[in-house]
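Peer 1: starting from these lines, generate the structure:
(one chain, ligands or ions: 1)
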Amino acid sequence: MSDMTFPKAIDALKHPPTSPQDSAQRLIAPSDAPQFAALGRQPFAFRHALHSNPLFTLEAIRALAGRLPDHTEFKAWQNGRIKVEDGWATREDAWLPFDETLANIAETNSVVVLKHVEQDEVFGPVLQQLLGEVFAGAPEAFREDVVLGECLVFVNSPGRLSPYHFDLEPSFLLQISGEKTVHALPGGDRTIVCQREMENYCGGGDFSAGIYKPELQQMEKVMTLNSGDGAYFPSTGPHWVQNGDTVSISVNVNFDIRSMHHRLRHVHGFNHRMRRWGLAPAEPGTTPMMDDLKARIWANAMRIKRLIRNRMNGPRPSDHYPVWSPPR
Ligand SMILES: [Fe+2]
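Peer 2: You can find the predicted model right below:
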């Protein structure tokens, strides 16, 4: 990846922008605008200036963790050696407490994920600028599809491997410090992520539903990310990540999109239940009207389930947490 710098953009980090039109103040390299304007199902690499922001130190991230609610919706972590085909729940070694994991990240072969960081009083302003910039640079169809956006901070131990998985959210990984090699596959391809995997994710709540397929290795786009490098992962495009030999800090920008989170996800959820009842549901796309009906039924079923859960256990912290939604 190129080692280009863009000092004007870096300088702009110290002086908040007055106009989003001013290319000198952008966090995403202006030269990558055409890639963002055409983003779709193929992963790609890009350059950014976020790594020059002095905020992103381990010390500041530990303070950030202290400000976030103590709940898995805000803090996630995994310890121990894992393989590319393992899931997020794999735990071959002893599970360390969150604070101990983050404090000893250089030695614990772990990953720490801090969520909803765009709402933080310290990190929020620059991350909301980033969200706005990525959103504004995306094609119109994408912008119309976006419901909300979120920023996460990842801290990885030296040598840490993040297993093969896919996400429903299209996402952008921005490397701040350290090195990562990411392996990314295209999104929206049923020969890469099959119906059963989607159903297990959307209906079964299995975030490790993606099954690693070594035969797809030649299709992977392999990108080595150092400070200032970024990678785009399309919605449902599987990826896995090998960290380099130092602690890595990166920021992830992701978006909930209407076509996936409010429709296709519900169709797959409905189909998952049908299959558990011994039926053979039609794949999404077979009959759009039937998909609409399935999506509506499943969305309502999930709403009722959430109401019952909240009545029994009280609301979750994220139920009343602010979110970033795009300017309309
Ligand atoms: Fe991911």
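
Peer 1: so where does Q128 fall, helix or strand?
Peer 2: helix 124-137 (DSSP states H and E).

Peer 1: give me the contact list for that helix.
Peer 2: 13, 16-17, 20, 26-28, 33, 36-37, 50, 53, 55, 117-118, 120, 143, 146, 149, 151, 172, 174, 251, 253, 255, 324, 326-327 (CB atoms under 8 Å, 6 or more residues apart in numbering). Where C-beta positions appear, they are placed from N, C-alpha and C, glycine not excepted.

Peer 1: how about a cut-off of 6 Å?
Peer 2: Residues from elsewhere that reach helix 124-137 (CB atoms under 6 Å, 6 or more residues apart in numbering): 27-28, 33, 36, 53, 117-118, 149, 151, 172, 253, 324, 326.

Peer 1: got the buried residues for that helix?
Peer 2: Using 16 or more other CB atoms under 10 Å as the test for burial, helix 124-137 gives 124, 126-135, 137.

Peer 1: format the CA atom coordinates belonging to it as CSV.
Peer 2: What follows is helix 124-137, C-alpha atoms only, in CSV (Å, rounded to 0.1, in the frame of the first residue of the first chain):
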residue,chain,number,x,y,z
GLY,A,124,-17.3,11.4,19.4
PRO,A,125,-16.6,14.7,17.4
VAL,A,126,-13.9,13.3,15.1
LEU,A,127,-15.7,10.0,14.6
GLN,A,128,-19.0,11.7,13.8
GLN,A,129,-17.1,13.8,11.2
LEU,A,130,-15.7,10.5,9.8
LEU,A,131,-19.2,8.9,9.7
GLY,A,132,-20.5,12.0,7.9
GLU,A,133,-17.7,12.0,5.5
VAL,A,134,-18.0,8.3,4.5
PHE,A,135,-21.7,8.7,4.2
ALA,A,136,-21.5,11.8,2.0
GLY,A,137,-18.9,10.1,-0.3
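
Peer 1: now the element after it, going C-ward?
Peer 2: As assigned by DSSP H and E, the chain's next helix or strand after helix 124-137 is helix 140-145.

Peer 1: elements contacting the helix or strand following that following helix?
Peer 2: Counting by DSSP H and E, the next helix or strand C-terminal to helix 140-145 is strand 146-156. Strand 146-156 sits against strand 110-114, strand 248-257, with contacts defined as 3 or more CB pairs under 6 Å, 6 or more residues apart in numbering; DSSP states H and E.

Peer 1: picking up where we left off before, buried subset of the contacts of helix 124-137?
Peer 2: Looks like the contacts of helix 124-137 have 27-28, 36, 53, 117-118, 149, 151, 172, 253, 324, 326 buried, using 16+ other CB under 10 Å.

Peer 1: can you name the two of those that are farthest apart?
Peer 2: Spanning the widest gap among the buried ones among the contacts of helix 124-137 are N53 and P326, at 22.5 Å by CB to CB.

Peer 1: gap between the two ends of stretch 283-290?
Peer 2: End-to-end span of stretch 283-290 (CA to CA, to the nearest Å): 10 Å.

Peer 1: what secondary structure does Q42 sit in?
Peer 2: coil (DSSP: H, G, I helix; E, B strand; the rest coil).
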